[in-house]
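1. curious how this folds, go ahead:
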Amino acid sequence: MTTQRNNLWQSVLGRGKKEAQVEIPPVEAPVAAIQHLGVDIAANDPLVAYFLTNRGAIELSRLNLDSPALTALRDAKVQIGVPLVSQGELIGLLSLGPRRSEQDYSADDRRLLNNLASQAAPSLRVAQLARQQQAAAAERERLEQELRVARIIQQTLLPKQTPKLPGWKLSTYWQPARAVGGDFYDFIEMADGRMCVIIADVTDKGVPAALVMASARSVLRGVVEQLDSPAKILERVNETLVPDIPPKMFITCLCVIFDPQTGVVRFSNAGHNLPILRTSTETVEVKATGMPLGLMPGMTYDEAEVTLKPGERMLLYSDGISEAHNPDREMFGFDRLHEVVAAHHSGALVEHLITALEEFVGSDWDQEDDVTFVLIKRSASETSDNVPGGRVLANFTVKSEPGNERAAMERVASVVESYLTADQLEKLKTAVAETIMNAMEHGNLYRSDIPVEIMALVAGEQLTIYVSDQGGTQSAYKLPEEPDLDAKLAGLDTPRGWGLFLIQNMVDEMNLIDNDDGHTVELKFNLQGEK
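-> Purely as a prediction, here's the structure:
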C-alpha cells in the first residue's frame with residue numbers, strides 16, 4: 001500500500017506519466033478550463049453543480065448527466081475527477097486517467113485523493129488571488145501610465161506661460177481633481193492688440209471631461225480669430241458644440257476681452273461663476289448672464305463692460321474652490337471666497353487663495369473638483385505705452401542664472417543709447433547689471449525657472465528702467481544706507497552691501513515697489529537730448 005501511495009503522489013505531482021493534473025483557472029473566468037486536455041467547463045454545465053454538491057473522488061464513467069463537459073472529459077480518457085472547491089466555488093479539478101497497473105483505484109487511493117484535494121484547494125485559491133492581484137496591478141500601472149501621458153498632453157493644451165503685457169500682471173493656477181480634468185483657461189492675442197482670456201469648466205471629471213475640454217478649446221480658438229465680441233464668440237461656439245457634445249455634458253465659460261491701452265474689459269458669461277472685481281474700496285461681482293455651452297441651440301449672451309483702473313484686478317475662477325469641503329463637510333462657499341479676496345492687501349492674490357483653501361480643507365483633503373484661477377491685474381504704477389508721450393523700448397525676461405545679467409544689460413543699453421550721453425550710458429550699464437543680479441540672487445534665489453522681467457520706457461524727458469523679480473512677499477530689498485567706507489576698506493566690515501547704494505548713486509532717481517508676487521526696482525534717468 002505504501003508503494004501504491006508513493007506512485008499516486010508521483011503521478012499527482014507530475015513525476016512519471018502525467019495521470020493527474022491540477023488546473024488553476026482565473027478567478028474571474030466564467031468557465032473552468034482543463035487546458036492540457038483542451039476541455040472547457042461552462043459555468044452553467046450540470047457537471048459544475050454536481051461537483052459542488054458531491055465532494056471527493058468521482059468516477060466519471062458512472063455519472064449519468066446531460067453534460068458536454070462530462071462527454072469531453074470521458075473522450076479525454078479521464079477516469080477519476082476530484083473537484084477542488086473553496087468557499088463554495090469550483091476553482092479547479094484534479095483529473096486522473098487509468099492507472100498504469102490497469103487496476104482500479106482503491107479506497108485508500110480515493111481517501112488520499114480526497115485529502116490531497118482538501119489541502120490543495122485553499123493553496124490554489126491563494127495562487128489564483130495572487131495571480132489576479134498581479135494582473136490587476138499590471139492593469140493599474142498601464143492605466144496610470146496612460147493617464148500620465150493624457151495629463152502631459154492636456155497640459156500642452158494650456159498656455160505654457162502667461163503673456164507679458166506692460167502695465168499688466170496675469171496670474172494662473174490649475175489643479176485637476178484627477179490625473180486629467182475638465183477645467184481649462186487660455187490667452188489669445190487678438191489682431192488689434194487686445195487680449196482674450198478664456199476660463200471654462202466642463203461638467204464631469206476625468207478623461208471624458210478632458211476630451212470635451214480639448215475639443216472646446218479648439219473651437220474657441222478658431223472662433224476668437226473670426227469675431228471680436230465676447231457675446232458673439234459664445235453664441236458661435238455654442239452653435240458649433242450643440243450637435244456633437246456628448247449627452248448630459250455641457251460647458252460653463254467666461255469670455256473676457258480687455259484692452260491693455262485703456263483698461264476696458266468686456267466679457268460674456270455662459271453659466272460660469274461671476275468674476276470678482278477688486279477695487280481699492282470694494283469687492284463686487286460683475287454680472288452677465290447666459291446658458292452654458294452645448295445645452296441647446298439659439299442661445300444669446302449678455303455682454304458687460306468695466307474699466308480696470310491702476311491697482312485694480314479681476315479674478316476668474318472655477319467652482320472647485322467654492323464647493324470644496326472641510327473635514328466637517330462645511331463648504332468653502334462664495335461668501336468666504338469674497339471675504340478672502342476683500343481681506344487681501346499685499347502679496348500674490350492667487351497664492352493667497354490657495355493657502356486659504358489648504359488651511360480650510362486640511363491636510364487630508366480629497367480634492368472633489370478641478371480648481372482653476374485666472375487673475376487679471378492692472379499695475380498700480382503706469383508703466384505701459386499709454387503713458388502720455390511714453391514709448392516702451394524693450395520688454396523681456398531673463399532666466400535667474402549667474403551671468404545673464406550682462407547679456408540683459410547689453411540688450412537694454414543697445415535700445416537706450418541714443419537717449420543718453422556717454423557718461424550716462426556707462427552709469428546705466430552698471431546700475432542695470434547690478435539691479436538684475438540682485439533680482440536674480442535675492443529676489444528669485446537663483447531659481448532658473450523664475451525669470452527676471454526687464455522693461456525700458458521713455459516718457460517725456462525721462463528714461464525709466466524697471467527690473468522685477470518674483471520673490472513673493474519676502475523682504476528682498478531695503479532702502480540703501482550709506483556704507484562705512486573706512487570700515488570696508490580696512491576689512492572690518494563685509495565687502496557686500498554696496499549694491500543698492502551703488503545703484504542709487506548711478507541714477508537720477510531710484511524707487512523700490514512691492515508687487516503682488518515680488519518686487520520692482522525703478523531706475524530713472526533724466527534725458528539731456530540725443531547724443
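
2. pLDDT-wise, which helix or strand of this protein ranks last?
-> Ranked by mean pLDDT, DSSP states H and E, the weakest helix or strand in the chain is helix 2-12, scoring a mean of 37.

3. list the helices and strands the longest helix anywhere in the chain packs on?
-> Among the segments of the chain that qualify as a helix by DSSP state H, the longest is helix 107-157. If you count contacts as 3 or more Cβ pairs under 8 Å, 6 or more residues apart in numbering; DSSP states H and E, helix 107-157 packs onto helix 2-12, strand 80-86, strand 89-96, helix 206-224. Where you see a C-beta, it was placed from the backbone N, CA and C, and this is true even at glycine.

4. how about JSON lines for the ones you listed, with distance to residue 512 and mean neighbour count added?
-> Listed next are these as JSON lines, based on distance: least, Cβ to Cβ, whole Å; neighbours: other Cβ atoms under 10 Å:
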{"stretch": "helix 2-12", "distance to residue 512": "87", "mean neighbour count": "14"}
{"stretch": "strand 80-86", "distance to residue 512": "76", "mean neighbour count": "22"}
{"stretch": "strand 89-96", "distance to residue 512": "76", "mean neighbour count": "22"}
{"stretch": "helix 206-224", "distance to residue 512": "39", "mean neighbour count": "19"}
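
5. I'd like to know how far residue 125 sits from residue 85.
-> Distance, residue 125 to residue 85, using Cβ to Cβ, to the nearest Å: 10 Å.

6. what about residue 287, how many residues nearby?
-> 10 (other Cβ atoms under 10 Å).

7. next, it: secondary structure please.
-> Following DSSP: H, G, I helix; E, B strand; the rest coil, residue 287 is assigned to coil.

8. verify the contact between it and residue 274 for me.
-> Yes - counting by Cβ atoms under 8 Å, residue 274 is a contact partner of residue 287 at 5.9 Å.

9. leaving out sequence neighbours, find the closest residue to residue 295.
-> Once flanking residues are discounted, residue 295 sits nearest to residue 250: 4.9 Å by Cβ to Cβ, 6 or more residues apart in numbering.

10. I should have written residue 409 there, sorry.
-> residue 433 (4.1 Å).

11. pull the contacting residues for the one you found.
-> Remark: with contacts taken as Cβ atoms under 8 Å, 6 or more residues apart in numbering, residue 433 is in contact with 405-406, 408-409.

12. secondary structure class of it, three-state.
-> Per three-state DSSP, the secondary structure class of residue 433 is helix.

13. and the gap between it and residue 522?
-> Applying Cβ to Cβ, the value for residue 433 to residue 522 is 16 Å.

14. repeat that for residue 66.
-> Applying Cβ to Cβ to residue 66 and residue 522 gives a distance of 95 Å.

15. which of those two has more residues huddled nearby?
-> Set residue 66 next to residue 522 and count neighbours by other Cβ under 10 Å: residue 522 wins out with 19 against 9.

16. who are the packing partners of the host helix or strand of the more buried one?
-> Using DSSP states H and E, residue 522 falls within strand 519-526. Here strand 519-526 touches helix 422-438, strand 462-468, strand 509-514, going by 3+ Cβ pairs under 8 Å, 6+ apart.

17. return the distance of it from the chain's centre.
-> Here the centre of strand 519-526 is set off from its chain's centre by 38 Å, with Cα atoms, centre = their mean, to the nearest Å.

18. coming back round to it: where do the contact lists of residue 125 and residue 85 overlap?
-> Residues touching both residue 125 and residue 85 by Cβ under 8 Å, 6+ apart: residue 91.

19. tell me the domain ranges of this structure?
-> Domain assignment for the chain by automatic domain parsing gives 2-131, 158-378, 390-526.

20. in a markdown table: these, plus distance to residue 138.
-> Formatted as a markdown table, these follow (distance: least, Cβ to Cβ, whole Å):
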| stretch | distance to residue 138 |
| --- | --- |
| domain 2-131 | 11 |
| domain 158-378 | 18 |
| domain 390-526 | 35 |
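
21. nearest to residue 144, of these?
-> Minimum separation from residue 144 across the domains of the chain (Cβ to Cβ) falls at domain 158-378, 7.8 Å.

22. and the residue lying closest to residue 302 once chain neighbours are set aside, backbone torsions?
-> Of all residues not flanking residue 302 in the chain, residue 288 sits nearest, at 4.4 Å (Cβ to Cβ, 6+ apart). Main-chain torsions, residue 288, degrees, to the nearest 10: phi -160, psi 140.

23. since that was my last question, I'll sign off now.
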